[in-house]
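Student: with the input below, show me the fold.
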Amino acid sequence: MLKETYQKETAPKLKGELGKGNVYAVPRITKIVVNIGVGKDKDQKEALEKAKAELALIAGQAPSFRSAKKAIASFGIRRGDIVGLAVTLRGRKMWDFLEKLVKVVLPRTKAFKGISRKSFDGHGNLTIGITEHTAFPEIDSHKVEKIRGLEMTIATSAVSDDKAYLVLKELGMPFKD
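Tutor: Residues are numbered from 1 along each chain as shown. Down below sits the predicted model:
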């Protein structure tokens, strides 16, 4: 399991590389947020429920609806309209999801050549976008009515992108070097 790999191999190795006093000072993954935008389906109750069920299958946890904070007339969005679904994973579910992402989903993604280091936000968090949610093994591609894209943000306790990169690279995240 990836959590055990982090605790037994990655953290002790990075402790020495980063010059930390103990393994608890080594950057760690704090949460993973998985998000799906609903786009034009925002007014269709059945499509929203279908997206919610698919995200629940992918994440293993019930997602919550996200509403617009302000109106954007050019997109036809009013304040309070549902614009997406999100789920925050922590603990065991987070580690299981990360392992599935690294070992199954990213290798199955079409035309995937690795994650760019530009995907970091400057504070040690990595955001990955996938154009087809059918890359997840829980989704039966024959039963899917609409292919959706989704974004995953991996939040770390690292204060810089370089330190977060080291942690994620050690855990097997496929980066373009």
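Student: excluding its backbone neighbours, what's nearest residue 12?
Tutor: In this structure, residue 12 finds its nearest non-sequential neighbour in residue 23, 6.0 Å apart by C-beta to C-beta, 6 or more residues apart in numbering. Quick note: C-beta positions are derived from backbone N, CA and C, even for glycine.
Student: oops, could you answer that again for residue 78 instead?
Tutor: Nearest one to residue 78, counting by C-beta to C-beta, 6+ apart, is residue 71 at 5.0 Å.
Student: again with residue 95
Tutor: Residue 95 sits nearest to residue 3 (C-beta to C-beta, 6+ apart), 4.2 Å away.
Student: what's the answer for residue 83, then?
Tutor: Leaving out its chain neighbours, the residue that sits closest to residue 83 by C-beta to C-beta, 6+ apart is residue 68, at 5.0 Å.
Student: do you know how far that neighbour is from residue 169?
Tutor: For residue 68, the distance to residue 169 (C-beta to C-beta, to the nearest Å) stands at 36 Å.
Student: what's near enough to touch the residue minimising distance to the centre of the chain?
Tutor: Geometric centre of the chain, nearest residue: residue 152, 2.2 Å, by C-alpha atoms, centre = their mean. Residues in contact with residue 152 (C-beta atoms under 8 Å, 6 or more residues apart in numbering) are 32-35, 101, 127-130.
Student: A helix includes residue 48, no?
Tutor: Yes - judged by DSSP: H, G, I helix; E, B strand; the rest coil, residue 48 forms part of a helix.
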